[in-house]
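Visitor: From the sequence below, what's the structure:
(2 chains)
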Amino acid sequence: MMKVVEGSYAVAHAVMCCQPDVISAYPITPQTHIVENLSQLVADGELDSEFVTVDSEFSAMSALVGSCAAGARSYSSSTSQGLALMYEVLYNVSGLRMPIVMTVANRAMGAPLNIWNDQQDSVGARDCGWIQLYAENVQEAVDLTPQAYKIAEDPNILTPVMACMDGFVLTHVYEPVELLDKDAVQKFLPPFKPKYVLDPKNPMTIGAFADPSTYTEFRYLQFEAQERALKKIEDVAKEFKETFGRYYGGIIDTYQAEDAEIMIVTMGSVIGTIKDAIDEMRAEGIKVGLTKIRSYRPFPVQALRNALKDCSVIAVIEKDVSIGMEAGILNDLKSAFYNSKIRTPIIGFTAGLGGRDITIKDIRKIVEKARAAEKGIESEFEFLNLRKEII
Amino acid sequence: MQNLFTPGHRACAGCAMPTTIRLVLDAAGENTIVVSPTGCLEVTSTPYPESSWNVPWLHSLFENAASVASGVEVTLRRQCKDTNVICIGGDGSTFDIGIGSISGMFDRGHNIKYICYDNEAYMNTGVQRSGSTPFCVHTTTTPAGKESLGNPRPKKDMPAIAVAHNVPYVATASVAYPVDLRKKIKRSLEIPGPAYIQVNAPCITGWTFEAGSTIEIARLAVETGLWPLYEMVDGKLAGVKKIRALKPVEDYLKAQGRYKHLFKKSGGPDVLKAIQGIAQSNIEKYGLVD
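Guide: Numbering: from 1, shown residues only, chains lettered A, B, ... in the order given. Predicted structure coming up:
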């Protein structure tokens, strides 16, 4: 049954259905409603979890290192500065192969301080060894939660997952959502049974240091697991569809892509606006389509090559910037295509930084620029709607 | 009884740390999980694929052992397991970089016993000053020199910080007093909630003293009043190791290279007086001498 609820409640409810043993989080806007809801669910006895209130995001993720090592399904949520404060632990968690799931309520990074949405925080953490999945709407953020655990806890993957949802745009919006059924989630997601745990009857050293003769192989094994995750993400999405009837694509999804000449590539909540813009333009005969990235890490190289091989121009829209070298998706996409036969022009737009709205008009503007780039690229990368008058 | 911390580790000959760990684990027994921060202990005891630990042992980062242990402890509680959770870290991770995590752990009241093997500087990285470094000690970042008599600040009072968190059991101990140390570990495990025990653990390379005199140096620290041995239960002084024959601080300082500048430089005598003053204030504060 569809219910109109806030995005944060919907996600907290989804977390509850996954029955984490331990939750540890530190409050930060716009993540707060998620952890407040979880705290209330624990307080009301609806969720049987240990909620550890900590002194920082750094400690939140650190506590989960301990809980996970002791055999607990473990959950956190954070964003922006909080995610940055966790940075050191993020590498540690993935290196220790701990299947922790964290909802990232995507927000801009300071300075200047800004609490509004963009995706600089998680895109900036792309190399930490976590799987990163991005939700388009609240329903997908809900559905990503059990999927994330199922992917992370697979013994062949054992990699932490960030389930990313745009801050405010998705965390604070009220929209009709199909809340998950706890029993159905229990069937979909079996109990967490880690192979290696801290146990005095079978003492094990976890977190030894590795010298140059072994360090590379630890990293390689993580790399390999992420490559395996490409298929796992797809499989889990399909399994989810069988149980719950909803499917958003696996590692990518497409919209109006079949005969598209102009292809937009993006991820996150801006997709809703883009789909509306595409509908408008399609009605006018403009052959524009969308490729949505669901999995940013692992980056779906082959899937993107297949999805984008037939269009005549590609426009990337993303809410992040790599200061000094364009932006995340744009860099990765070009890199994915360099050794392929695809020579389609690619242009990139950084948009929606620090919560600036991206409108249908903006999408149309980008499509016009893409059309022009078919004949020759004038600008490979730009900040959309730059307010030159205040610079 | 099985040795819970086995030989073969890479600690320096004459290091007080492995002895301290042995004593702690002897007292705690095998139903124990240890969480350690980065530091000498971690580096010398767990070069992959080897390990000196015969109890479950977890290392994550330099500044988060208390937070990591918190996660372990809540999980064990949830699983209804009655296993000791002990953090063992050096003074750098305890006094400085990890103090936020420790404060959080104390504040939440976890049943975790935090043991600091205190060698009074960042020894693993090459003897840099920490918040635990005593007054006028030469370290590589507070070197004695023409214009310097070493570390300009006194040692941070970490046990008092623990007491200020209402930690029910706080104690100091010394590797030179193994019976006392074992007793304190056992007592801490009997009292529910967090505990903080700070163990004086001389470092042969950082303090520079004669090989073989580790225990003697640690004993001198106690006998001069510079390392008072005491217990605080529920914030109140509950036990003190009395000094039978009080010795002048020079006896302790002279035996160590880290203080040698005090016996050569013109400002030295004043500093020696000041350090004797620190000992005197400990003697009065804790009633160390009858």
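
Visitor: CA only for contacts and neighbour counts going forward, please
Guide: Noted.

Visitor: ok now do the residue nearest to residue A:379 when sequence neighbours are not counted, which residues does it touch?
Guide: Nearest residue to residue A:379, sequence neighbours excluded (C-alpha to C-alpha, 6 or more residues apart in numbering or on different chains): residue A:347, at 7.2 Å. The neighbourhood of residue A:347, defined by C-alpha atoms under 8 Å, 6 or more residues apart in numbering or on different chains, consists of A:314-316, A:330, A:370, A:373, A:377, A:379-381.

Visitor: taking the residues you listed one by one, which sit in helices?
Guide: A:330, A:370, A:373 (DSSP state H).

Visitor: ok, residue A:22 to residue A:75 distance?
Guide: For residue A:22, the distance to residue A:75 equals 6 Å [C-alpha to C-alpha, to the nearest Å].

Visitor: residues bridging contact with these two, i.e. touching both?
Guide: residue A:64.

Visitor: So for stretch B:134-146, first residue to last residue, what's the gap.
Guide: Start-to-end span of stretch B:134-146 (C-alpha to C-alpha) is 20 Å.

Visitor: contact partners of it?
Guide: B:120-121, B:126-129, B:148-155, B:206, B:258-259, B:261, B:271, B:275.

Visitor: which other helices and strands contact the longest helix along chain A?
Guide: When chain A is scanned for its longest helix (criterion: DSSP H), the result is helix A:215-244. With contacts defined as 3 or more C-alpha pairs under 8 Å, 6 or more residues apart in numbering or on different chains; DSSP states H and E, the packing partners of helix A:215-244 are helix A:87-95, helix A:138-153, helix A:182-188.

Visitor: residue ranges of the helices in the stretch 251-391 of chain A, please?
Guide: A:270-283, A:301-308, A:328-338, A:360-373 (DSSP state H, counting those that start in this stretch).

Visitor: Figure out which of these is closest to chain B.
Guide: Proximity to chain B (C-alpha to the nearest C-alpha) singles out helix A:328-338 among the helices of the stretch 251-391 of chain A, at 28.4 Å.

Visitor: how about the strands in the stretch 101-250 of chain B?
Guide: B:113-118, B:144-145, B:148-149, B:169-174, B:195-200, B:230-233, B:236-240 (DSSP state E, counting those that start in this stretch).

Visitor: Can I get the ones you listed in CSV including mean pLDDT and mean neighbour count?
Guide: Shown next, in CSV, are those (pLDDT from 0 to 100; neighbours: other C-alpha atoms under 10 Å in any protein chain shown):
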stretch, mean pLDDT, mean neighbour count
strand B:113-118, 98, 27
strand B:144-145, 96, 16
strand B:148-149, 96, 18
strand B:169-174, 98, 28
strand B:195-200, 98, 27
strand B:230-233, 98, 21
strand B:236-240, 98, 14
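
Visitor: Serialize the ones you listed to CSV and add fields for distance to residue A:168.
Guide: Output for the strands of the stretch 101-250 of chain B, formatted as CSV (distance: least, C-alpha to C-alpha, whole Å):
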stretch, distance to residue A:168
strand B:113-118, 40
strand B:144-145, 56
strand B:148-149, 55
strand B:169-174, 45
strand B:195-200, 42
strand B:230-233, 48
strand B:236-240, 50
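
Visitor: Chain B contacts on the stretch 151-300 of chain A?
Guide: Applying C-alpha under 8 Å from any C-alpha of the partner chain, we find that the stretch 151-300 of chain A lies next to chain B at A:198-211.

Visitor: Turn those residues into CSV, columns for pLDDT and neighbour count.
Guide: Below are these laid out as CSV (pLDDT from 0 to 100; neighbours: other C-alpha under 10 Å):
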residue, pLDDT, neighbour count
A:198, 98, 25
A:199, 98, 19
A:200, 97, 17
A:201, 97, 12
A:202, 97, 11
A:203, 97, 19
A:204, 97, 19
A:205, 98, 23
A:206, 98, 20
A:207, 98, 21
A:208, 97, 21
A:209, 97, 19
A:210, 97, 16
A:211, 97, 11
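
Visitor: In the residues you listed, find the pair that's most separated.
Guide: Taking C-alpha to C-alpha as the measure, those reach their widest spread between A:201 and A:211, a distance of 28.5 Å.

Visitor: Using the three-state scheme, assign the residue of chain A positioned farthest from its centre.
Guide: Residue farthest from the centre of chain A, counting by C-alpha atoms, centre = their mean, is residue A:201 at 38.5 Å. At residue A:201 the chain is in coil, as set by DSSP: H, G, I helix; E, B strand; the rest coil.

Visitor: same thing with residue A:132?
Guide: From three-state DSSP, the assignment for residue A:132 is strand.

Visitor: Excluding sequence neighbours, find me the nearest residue to residue A:96.
Guide: That would be residue A:207: by C-alpha to C-alpha, 6+ apart, it lies 6.9 Å from residue A:96.

Visitor: Show the contacting residues for the one you found.
Guide: By C-alpha under 8 Å, 6+ apart, the contact set of residue A:207 is A:96, B:58-60.

Visitor: again, but for residue B:232
Guide: Going by C-alpha under 8 Å, 6+ apart, residue B:232 touches B:163, B:168-171, B:238-239.

Visitor: try it again with 10 Å
Guide: By C-alpha atoms under 10 Å, 6 or more residues apart in numbering or on different chains, the contact set of residue B:232 is B:159-160, B:162-163, B:167-172, B:196, B:238-240.

Visitor: one step back: quick one: pLDDT of the residue nearest to residue A:379?
Guide: pLDDT recorded at residue A:347 is 98.

Visitor: Please, where are all the helices along chain B?
Guide: B:16-28, B:40-45, B:65-78, B:91, B:99-108, B:158-164, B:178-190, B:214-223, B:249-253, B:268-286.

Visitor: Compare those helices and give me the one nearest residue A:147.
Guide: It's helix B:65-78; of the helices of chain B, that one is closest to residue A:147 (C-alpha to C-alpha) at 23.4 Å.

Visitor: tell me what the closest one is packed against?
Guide: Secondary-structure packing of helix B:65-78 (3 or more C-alpha pairs under 10 Å, 6 or more residues apart in numbering or on different chains; DSSP states H and E): strand A:22-25, strand A:50-53, helix A:57-69, strand B:32-36, strand B:57-59, strand B:84-90, helix B:99-108, strand B:113-118.

Visitor: Turn the ones you listed into a markdown table, columns for distance to residue A:2.
Guide: Shown next, in a markdown table, are the helices and strands packed on helix B:65-78 (distance: least, C-alpha to C-alpha, whole Å):
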| stretch | distance to residue A:2 |
| --- | --- |
| strand A:22-25 | 27 |
| strand A:50-53 | 28 |
| helix A:57-69 | 33 |
| strand B:32-36 | 46 |
| strand B:57-59 | 45 |
| strand B:84-90 | 46 |
| helix B:99-108 | 39 |
| strand B:113-118 | 49 |
